[in-house]
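Novice: Turn this into a model:
(one chain, ligands or ions: 1)
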Amino acid sequence: MPATANPVERAWTSNERTAYSVAIVGGGFGGVMTAIHLLRVLPAASEIVLFERAGRLGRGTAYGTELPCHLLNVPATRMSAFPDAPADFAEWLSRSRMESSCAATDAGLFAPRAVYGDYIESLARTALRSGRLTVIPAAVTDLWPEQTGFRLAAANGRTVRAGQVVLALGNLSPGEGSAPAHVTDPWSSAALAPLDDASNRPVVIVGTGLSMVDLVLGLRARGFPGRIVAISRRGLLPQFHRPGAPWPTPDFTATERHSMLALFRRIRAEIAAAAAAEVDWRGVIDGVRPAVQSLWQGLSAVERRRFLRHLRPWWDIHRHRMPMPAAAALAAMREEGTLEVHAGSVLSVEPMAAGACVTWRPRGASLPTRLDAARVIVATGTPNAAALANPLLDALRGRGLARLDPLGLGLDVNERLAVIDAAGRANPTIHALGPIVRGVLWECTAVPELRAQAAAIADRIAEALQPAGA
Ligand SMILES: Cc1cc2nc3c(=O)[nH]c(=O)nc-3n(C[C@H](O)[C@H](O)[C@H](O)COP(=O)(O)OP(=O)(O)OC[C@H]3O[C@@H](n4cnc5c(N)ncnc54)[C@H](O)[C@@H]3O)c2cc1C
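Specialist: Residues are numbered from 1 along each chain as shown. The predicted structure follows:
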């Protein structure tokens, strides 16, 4: 075994079992935390296998960055991995003497996401020491039912059996662009690769949300000094965090629960009431958040589509806020003219011998305009499952084991996160969590919701695996 072996490689060489109580697909935050809770609640004889296709555990897309400028977008005090130990991350930072790596702001300490990855990886290492968790460093590409449980097949040719399956796949990858200068995955290494471009052409980013913020800071950290042009339909930038008083979760009426318009009117009224009481709107948005899953589930598919089409950009910029240091850096770049943010529609991107040509129409203009870019990066948000090829999801759907939610954003699950099959039956032996179930829950992709999902799934699996009469 090489001396540098990470937890993934080390575990791979240490266990040759072929049957497990539970198989988890995906070793990012959701997968690792589900494994940790399972080790707590399952009988000591139960063994868990976790498949992770990337080189490291606990990182995923969010915490895989190495750049210190990529901060968590939530203060450290709200980022514990455990629902029942809210101070765990803050205490870990202090124990590990990592507080100095964080940005101190009025709204609290914002840790680099890489440091948060270290925290989750340290929890994974502790879990591996139990000897009951095996990690297989490979992508699961297929899964089918057997007489008891399932067989999972990985891209490296390995197959294992498991009684229960948990899908913790994270955000689906949008896939490769058509040319090196047209990057369609904002989290791929190609997005921030050094730019050897003496022509002074800008980098164009399609999208103006938190991914754009990451890209701008990342390009600067990697030494790109030139112009960056960010374009989105409305040109809205995320708001930033500011400390403030909390506001109670509103008691929404039945009408508000069924109509997106009525719901947003109520939220606006709450913001006005809060302002009159000198409470910042951020307190209201944070107060609404715990109700979002139940509100979303009360809305019809038509109302949910209405939200996606018209209201989502407004909700996103208030709900998904950036830390103050990021906001200040972007404001300074806009001031000096090296970052432009425009409202408009990108009509086409044509790769050229070097760079790419972007045709876009500014909002309100009748004629399109062209921009020669050194690189174009698409950062328009997580793609919908319906629009993507993913070997495992395609296999699950092809075998009738799963179906997409009515909006096609991800997998359909019931209120217990059991995956619903093609015939509409919830299967209590396959669970899913995280971004892949956002069509059903909407507010389910960030740590506060995910940590609760991981604990709940582990409890349900423990219940199901309890011997009869126990
Ligand atoms: C850039 C970014 C920044 C974020 N910042 C924050 C933040 O500051 N605070 C916050 O609360 N939330 C944040 N989030 C939300 C984030 O989604 C969650 O915090 C969390 O990381 C999601 O965990 P996950 O396990 O669902 O997905 P991930 O952590 O992405 O993990 C999924 C894992 O599954 C693996 N995988 C996928 N398919 C397979 C397969 N077939 N076989 C094997 N392995 C597979 C992937 O390699 C990946 O490692 C951020 C998200 C992004 C994208």
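
Novice: What is the neighbour count of the residue lying closest to residue 242 once chain neighbours are set aside?
Specialist: Excluding its sequence neighbours, the residue lying closest to residue 242 (CB to CB, 6 or more residues apart in numbering) is residue 107, at 5.8 Å. To be clear about C-beta, it is placed using only N, CA and C from the backbone, and glycine gets the same treatment. If you count neighbours by other CB atoms under 10 Å, residue 107 ends up with 18.

Novice: mind listing what residue 107 touches?
Specialist: 75, 241, 242, 243, 323, 324 (CB atoms under 8 Å, 6 or more residues apart in numbering).

Novice: just residue 86 next, same as before
Specialist: 77, 78, 80.

Novice: and if we set it to 6 Å?
Specialist: By CB atoms under 6 Å, 6 or more residues apart in numbering, residue 86 lies in contact with residue 80.

Novice: and whatever helix or strand residue 90 lives in, how far out from the chain's middle?
Specialist: Under the criterion of DSSP states H and E, residue 90 resides in helix 88-95. Between the centre of helix 88-95 and the centre of its chain there are 23 Å (CA atoms, centre = their mean, to the nearest Å).

Novice: Stretch 265-276 too?
Specialist: That offset, for stretch 265-276, works out to 29 Å (CA atoms, centre = their mean).

Novice: cool, stretch 392-410 as well?
Specialist: Relative to its parent chain, stretch 392-410 has a centroid offset of 19 Å by CA atoms, centre = their mean.

Novice: and what of stretch 452-469?
Specialist: How far stretch 452-469 lies from its chain's middle: 24 Å, per CA atoms, centre = their mean.

Novice: on that earlier part again, tell me the two of the contacts of residue 107 that are most distant?
Specialist: Greatest spacing in the contacts of residue 107, by CB to CB: 243 and 323 (12.2 Å).

Novice: Now the residue lying closest to residue 368 once chain neighbours are set aside. Its backbone dihedrals?
Specialist: Leaving aside its chain neighbours, residue 368 sits nearest to residue 361 (4.5 Å; criterion: CB to CB, 6+ apart). Dihedral pair for residue 361: phi -120, psi 120, per degrees, to the nearest 10.

Novice: which strands and helices sit next to the longest strand seen in the chain?
Specialist: Secondary structure of the chain read by DSSP state E shows that its longest strand is strand 339-351. Here strand 339-351 touches strand 228-232, strand 356-362, going by 3 or more CB pairs under 6 Å, 6 or more residues apart in numbering; DSSP states H and E.

Novice: Adjacent strands (with direction) for the longest one?
Specialist: What it means is strand 356-362. Here strand 356-362 is paired, per DSSP bridges, with strand 339-351 (antiparallel), strand 369-373 (antiparallel).

Novice: Whichever residue of the stretch 301-450 of the chain sits closest to the ligand: what's it in contact with?
Specialist: Here the stretch 301-450 of the chain gets closest to the ligand at one residue, residue 434, 2.7 Å apart by CB to the nearest ligand atom. When contacts are counted by CB under 6 Å, 6+ apart, residue 434 touches 30, 168, 170, 450.

Novice: Of all pairs in the residues you listed, which one spans the longest distance?
Specialist: 170 and 450, at 10.0 Å, using CB to CB across the contacts of residue 434.

Novice: Around the residue of the stretch 101-250 of the chain found nearest the ligand, how many other residues sit close by?
Specialist: Residue nearest to the ligand within the stretch 101-250 of the chain: residue 170 (2.5 Å; CB to the nearest ligand atom). Residues lying near residue 170 (other CB under 10 Å) number 22.

Novice: what does residue 131 give?
Specialist: 10.

Novice: on that earlier part again, what about the residue of the stretch 301-450 of the chain closest to the ligand, distance to residue 315?
Specialist: 19 Å (CB to CB, to the nearest Å).

Novice: coming back round to it: number of nearby residues for the residue nearest to residue 368?
Specialist: Residues lying near residue 361 (other CB under 10 Å) number 15.

Novice: so, in contact with the ligand or not, stretch 410-428?
Specialist: No. Stretch 410-428 does not reach the ligand (CB under 6 Å from any ligand atom); its nearest approach is 10.9 Å.

Novice: tell me how far the ends of that stretch are from each other?
Specialist: Start-to-end span of stretch 410-428 (CA to CA, to the nearest Å) is 18 Å.

Novice: Can you give me the domain assignment for the chain?
Specialist: 7-172+384-465, 182-239+322-378, 254-319 (automatic domain parsing).

Novice: Would you mind listing what in the stretch 201-350 of the chain touches the ligand?
Specialist: Applying CB under 6 Å from any ligand atom, we find that the stretch 201-350 of the chain lies next to the ligand at residue 214.

Novice: any idea how far the top helix by length along the chain is from the chain center?
Specialist: When the chain is parsed with DSSP state H, its longest helix is helix 447-465. Relative to the centre of its chain, helix 447-465 is centred 18 Å away, using CA atoms, centre = their mean.

Novice: repeat for stretch 353-369
Specialist: Distance of stretch 353-369 from the chain centroid (CA atoms, centre = their mean) equals 30 Å.

Novice: Pull out the buried residues from that stretch.
Specialist: 355, 356, 357, 358, 360 (16 or more other CB atoms under 10 Å).

Novice: and the second one, what are its bridge partners?
Specialist: Beta bridges link residue 356 to residue 351, residue 373, judged by DSSP bridges.

Novice: wouldn't it be in contact with residue 182 here?
Specialist: Yes. Counting by CB atoms under 6 Å, residue 356 touches residue 182, with 5.1 Å between them.

Novice: mind listing what the residue nearest to residue 368 touches?
Specialist: Shown in contact with residue 361 (CB under 6 Å, 6+ apart): 344, 345, 368.

Novice: ok, how many other residues are close to the closest residue in space to residue 245 that isn't next to it in sequence?
Specialist: Distances taken as CB to CB, 6+ apart put residue 279 closest to residue 245, at 4.8 Å, once the chain neighbours are dropped. Using other CB under 10 Å, residue 279 has 18 other residues around it.

Novice: Got the phi and psi for residue 279?
Specialist: phi -110, psi 130.

Novice: do the same with residue 300
Specialist: Torsion angles at residue 300 (phi, psi; degrees, to the nearest 10) stand at phi -70, psi 170.

Novice: Check the gap between the residue nearest to it when sequence neighbours are not counted and residue 303 for me.
Specialist: Distances taken as CB to CB, 6+ apart put residue 258 closest to residue 300, at 7.4 Å, once the chain neighbours are dropped. Residue 258 sits 7 Å away from residue 303, going by CB to CB.
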